[in-house]
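Colleague: no FASTA, just this:
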Ligand code: SF4
Ligand code: SF4
Ligand SMILES: [Zn+2]
């Protein structure tokens, strides 16, 4: 931390929050709120005189409430910058009966009760998201008695207790009597690996943290008995199995089974743990003077704010989602944004450092180039056709489009931010957006060509490049049989499939149309696939209104790994095709004949309206 | 808590109930044939 503070190329904004981010890779504009500190950082020497005279005490957040601090305080001993901060909500100085003691005692005159938040605008090329994590609150798991028994503490609280810089200078004591415990029990996986109560994922570092704690206790207090209750100990990683063995050799007892109940002796405040030992197959009761709940990691509560600011994705567990789990593990889907540490998933110090190094290198590499290669397939607005309705702005998962709906100026696309999903193009009601290499004309030509001969015998399927189309490839390479009358049209994302394409296919005599894309969690364009689903739902209604059976439009999510599913779907869809009658097809062709006519050029309409208005005015 | 509503599979035509939150687009799968062509059936107001 101190090195970061001193580094000539690092500008550190401590006690600050990001308020807004705009722009795109290479050109991000970040608004930082530098929170009022009420202490002049440059002048403060952290002498502590103010703290000595401050009459207010409050729980110390850094010590998780195990000790107190004053209303004016240094957040923690090694905090950078090394200066005090005043919590104005706790301070009496701002109240009518003013206190002002710190102001009086400060030789340097650093304290300013009227300090205000300051907004700073900075321009950056890349952003690394490393907001860390929160920890699981074990209150709902009442069987462990965290809120009822004082000697049941969390692993975070234990961490402060045995830290030499902590509230007890590292002396291991029980909270009830400040005596050294004779037996300490650890309960693993509290809030982790349980989908019903807590979180389904493994928090990654808790097992090794407990092993480390056991070794620490045994080092300092060899006579303390330690029992660890676990589901399974996950000691993968360099040197970890060895540490685990050492803790066993030092006398730590590992018991497979998670206690179903922790009871407190009202007099001694010691605890009884009732557990099924699943190795022995026995019901057991163990006593302990102190119980440590090895709590898991959860995403930071304010993750959604950062998610919105940077248009990021989060996986089901709530942590930020990387662009690719294997090939781009530190990149966000938004170009120029990277992840480090537990923001992306729970990880230990070593993995966090590794990922931080990788993120810094990825960011550096991008900036050193000076130029960024943008997607070749991007959207282009046709200004003459754009009515400035602003729909595309809402559609774009990457915030690549801006449009001033009040000023009625045509929408504009930042090509560097556009990933090329094509959802905007499909959603624009006026045909004002074209996709390079996947234009309407190109796709319509494919539809027409595929259905030119014997349309009634074909299944027309739209498949997205990354998942469904690759799923089809896999079906082929794995020799999964599927009907040969399938005709595939590839688009980058299923979100590109304009409703006009589907209607055109029906108007050309297609008995069945299949739209297939990535599973929601795999969408390569953040959430563009949501637009596919919404569009298909509307299309089902529209078809039904026109007397066309909605089931003739099928929707499937097929991943690149689901070759088998691809083949199964194609066989099922072929069965549906066989049930479509010639009369139905003819009726559909008539009902949808209008869609084959070229789109009414909006520009002509727009100009005509303007001319009309002008003529009226002249008259 | 998401309420449940009626859905119909447009592949096997079976009807079933699934959680539904207004305005939320979710991936849905037919419990009978695993198809994703799952359409919400607008229920008559009681
Ligand atoms: S491009 Fe289309 S969707 Fe976007 S503002 Fe213009 S008319 Fe509306
Ligand atoms: S193609 Fe996709 S990423 Fe590009 S502007 Fe349109 S919606 Fe946004
Ligand atoms: Zn079904």
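Modeller: That came in fine, so what should we check first? Remember, it's a predicted structure, so these values are computed and weren't measured experimentally. Ligands and ions are numbered 1, 2, ... in the order given.

Colleague: Contact residues of chain A facing ligand 2?
Modeller: A:378-379, A:395-396, A:398, A:400-401, A:413, A:418-424 (CB under 6 Å from any ligand atom). The C-beta positions use only the backbone N, C-alpha and C, and glycine is treated the same way.

Colleague: helix, strand or coil for residue A:62?
Modeller: coil (DSSP: H, G, I helix; E, B strand; the rest coil).

Colleague: What is the neighbour count of the nearest residue to it once chain neighbours are set aside?
Modeller: Spatially, and ignoring its direct neighbours in sequence, residue A:62 is nearest to residue A:76 (4.4 Å; CB to CB, 6 or more residues apart in numbering or on different chains). Per other CB atoms under 10 Å in any protein chain shown, the neighbour tally for residue A:76 reads 13.

Colleague: Could you say which helix or strand holds residue A:76?
Modeller: Per DSSP states H and E: residue A:76 is located in neither a helix nor a strand.

Colleague: Let me know the distance separating it from chain B.
Modeller: 41 Å (CB to the nearest CB, to the nearest Å).

Colleague: Let me know the pLDDT of that residue.
Modeller: As predicted, residue A:76 sits at a pLDDT of 91.

Colleague: sorry, back to before: just the ones in strands from the residues of chain A next to ligand 2, please.
Modeller: Of the residues of chain A next to ligand 2, the ones assigned to strands by DSSP state E are A:379, A:401, A:413.

Colleague: Need the per-residue pLDDT for the second one.
Modeller: For residue A:401, the model assigns a pLDDT of 95.

Colleague: Quick check, the residue in chain B closest to ligand 2?
Modeller: residue B:25 (15.8 Å; CB to the nearest ligand atom).

Colleague: close enough to count as contact, that residue and residue A:528?
Modeller: No. Residue B:25 sits out of contact with residue A:528 when judged by CB atoms under 8 Å, with a separation of 11.3 Å.

Colleague: the more surrounded of these two?
Modeller: residue A:528 (29 against 15).

Colleague: how about low-confidence regions in the chain?
Modeller: Picking chain A for this. A:94-97, A:600-619 (pLDDT under 70).

Colleague: let's do chain B instead
Modeller: Chain B contains residues with pLDDT under 70 at B:1-2, B:44-46.

Colleague: What parts of it come near chain A?
Modeller: Residues of chain B lying close to chain A (CB under 8 Å from any CB of the partner chain) are B:10, B:11, B:13, B:25, B:26, B:27, B:33, B:35, B:36, B:37, B:39, B:40.

Colleague: count of neighbours near the closest residue to residue A:90 other than its chain neighbours?
Modeller: The shortest distance from residue A:90 to any non-neighbouring residue, by CB to CB, 6+ apart, is to residue A:71 (4.0 Å). Residue A:71 has 23 neighbouring residues, counting by other CB under 10 Å.

Colleague: Quick check: residue A:71 vs residue A:105, distance?
Modeller: 14 Å (CB to CB, to the nearest Å).

Colleague: Then residue B:3?
Modeller: Distance from residue B:3 to residue A:105, by CB to CB: 61 Å.

Colleague: These two: which is more packed in?
Modeller: The residue with more neighbours, out of residue B:3 and residue A:105, is residue A:105; 15 against 9, by other CB under 10 Å.

Colleague: who's in contact with the more buried one?
Modeller: Residue A:105 makes contact with A:49, A:50, A:52, A:53, according to CB atoms under 8 Å, 6 or more residues apart in numbering or on different chains.

Colleague: Measure how buried residue 20 is and give me the count.
Modeller: Went with chain A since none was named. Around residue A:20 there are 12 other residues, counting by other CB under 10 Å.

Colleague: My question was about chain B, not that one.
Modeller: Number of residues near residue B:20 (other CB under 10 Å) recorded here: 15.

Colleague: Can you tell me the closest non-neighbouring residue to it?
Modeller: residue B:5 (4.1 Å).

Colleague: I'd guess residue A:473 is in a strand, am I close?
Modeller: No. In this structure, residue A:473 is helix, not part of a strand, as judged by three-state DSSP.

Colleague: Could you list the residues in contact with the biggest helix by length in chain A?
Modeller: If you go by DSSP state H, chain A has its longest helix at helix A:349-369. By CB under 8 Å, 6+ apart, the residues outside helix A:349-369 that reach it are A:25-26, A:125-126, A:128, A:130, A:204, A:237, A:329-331, A:336, A:338-342, A:344, A:347, A:372.

Colleague: Which residue ranges make up each domain of chain A?
Modeller: Segmentation of chain A into domains, based on automatic domain parsing, reads A:2-125, A:134-298, A:379-596.

Colleague: Ranking those domains by mean neighbour count, which comes first?
Modeller: domain A:379-596 (a mean of 20; mean count of other CB atoms under 10 Å in any protein chain shown).

Colleague: does any bit of that domain sit next to chain B?
Modeller: Yes. With CB under 8 Å from any CB as the measure, domain A:379-596 is seen reaching chain B through A:519-520, A:530, A:533-534, A:537, A:540, A:550-551, A:553-557, A:569, A:572, A:576.

Colleague: Could you check how far that domain is from the centre of its chain?
Modeller: Mean-position distance between domain A:379-596 and its chain equals 28 Å (CA atoms, centre = their mean, to the nearest Å).

Colleague: Show the end-to-end separation of it, please.
Modeller: 24 Å (CA to CA, to the nearest Å).

Colleague: Same question for stretch A:63-70.
Modeller: Termini of stretch A:63-70 sit 13 Å apart (CA to CA).

Colleague: List of residues touching it?
Modeller: With CB under 8 Å, 6+ apart, stretch A:63-70 has contacts from A:50-51, A:54, A:56-60, A:62, A:154, A:156-157, A:160-161, A:166-167, A:175.

Colleague: cool, stretch A:253-271 as well?
Modeller: Contact with stretch A:253-271 is made by A:143-145, A:148-152, A:174, A:176-177, A:185, A:187-189, A:225-233, A:248, A:272-279, A:284, A:286-291, as judged by CB under 8 Å, 6+ apart.

Colleague: how much space is there between residue A:344 and residue A:307?
Modeller: Residue A:344 sits 12 Å away from residue A:307, going by CB to CB.

Colleague: between those two, who's got more neighbours?
Modeller: When residue A:344 and residue A:307 are compared for neighbours, residue A:344 comes out ahead with 26 against 17, by other CB under 10 Å.
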